[in-house]
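Participant: A structural model of the following input is requested.
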Amino acid sequence: THRGTTCLHFAADRAPVQGPYLVLNGEGRAASGQGPVNSLLCPSSLSEHYAPPGTSLVTVNCQGTEHNPDALETAVRAQLAGWFGDRVDTWRRLACYRLPEALPAQPPPVPFPGSVPLRQSDWLWMCGEHQNAPSIQWALHSGHRAGAEISRVLLGRVGEGNTGGLPLPGDRPPYRPL
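Facilitator: Numbering: from 1, shown residues only. Model (predicted):
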């Protein structure tokens, strides 16, 4: 089974947050009456080409796909007005996308990142978000770990460096150019 999400995209005169940040809703879930917003991102902070000319792109993610787009937009604007003020009233909705199979459903317990062995045999490593919380971050983290481990094994330096995941400050890369 999967978990769905709905994404609303808005054009704004200016981004509500400056910088390449993912804003997470720490207030609670929609069921608690706090509002439907799960996260907000401004991709045009990374590249102006993501937004219509002269605007900023604001992307809002809400859990589930059962929402009526117009009713969802109203609830999202009400919640975001509490975060960013009345300027959200001037944002122009560009699109509303429902993604019914956005992420695999993984009921608890979800393994702690790095706790699942990647090496399955002498010649097989397994990586992916299925071993951790479902997200692109954990898929990339798992892939990085597998690549580093494979590189160390193939170059004969098993156990060198930081084997627990992403490099720590001061760590050598897990490989050397040949």
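
Participant: From here on, just use CA atoms for contacts and neighbour counts.
Facilitator: Noted.

Participant: so what's S44 up against?
Facilitator: Shown in contact with S44 (CA atoms under 8 Å, 6 or more residues apart in numbering): Y50, A51, S56, L57, V58.

Participant: redo that, cut-off 7 Å
Facilitator: Applying CA atoms under 7 Å, 6 or more residues apart in numbering to S44 gives the contacts Y50, A51, S56, L57.

Participant: S56 and R92: what is the separation?
Facilitator: 10 Å (CA to CA, to the nearest Å).

Participant: typed the wrong thing, it's L124
Facilitator: In terms of CA to CA, L124 sits 49 Å off from R92.

Participant: out of the two, which sits in the busier spot?
Facilitator: For L124 versus R92, neighbours defined as other CA atoms under 10 Å are more numerous around R92 (14 against 9).

Participant: For this structure, which helix extends over the most residues?
Facilitator: helix 136-154 (DSSP state H).

Participant: Buried residues, it. List them.
Facilitator: 138-139, 141-152 (16 or more other CA atoms under 10 Å).

Participant: which one of those is nearest E101?
Facilitator: Closest to E101 out of the buried residues of helix 136-154 is A139 (16.2 Å), distances taken as CA to CA.

Participant: That closest one against E129, yeah?
Facilitator: Yes - here A139 lies in contact with E129, judged by CA atoms under 7 Å, at a distance of 4.2 Å.

Participant: for the chain, what spans make up the helices?
Facilitator: Under DSSP H, the chain gives helices at 69-84, 136-154.

Participant: give me the low-pLDDT residue ranges for this structure?
Facilitator: Along the chain, the model assigns pLDDT under 70 to residues 28-33, 113-114, 131, 157-178.

Participant: one more time with 50, if that's ok
Facilitator: By pLDDT under 50, the low-scoring segments of the chain are 30-31, 158-178.

Participant: ok, longest strand in it?
Facilitator: Assignment by DSSP state E gives strand 92-104 as the longest strand of the chain.

Participant: what's the overlap in contacts for S56 and R92?
Facilitator: With CA under 7 Å, 6+ apart as the test, S56 and R92 both reach A11, A12.

Participant: Of the buried residues of helix 136-154, which is the nearest to E27?
Facilitator: The closest of these, once distances to E27 are taken by CA to CA, is W138, at 23.5 Å.
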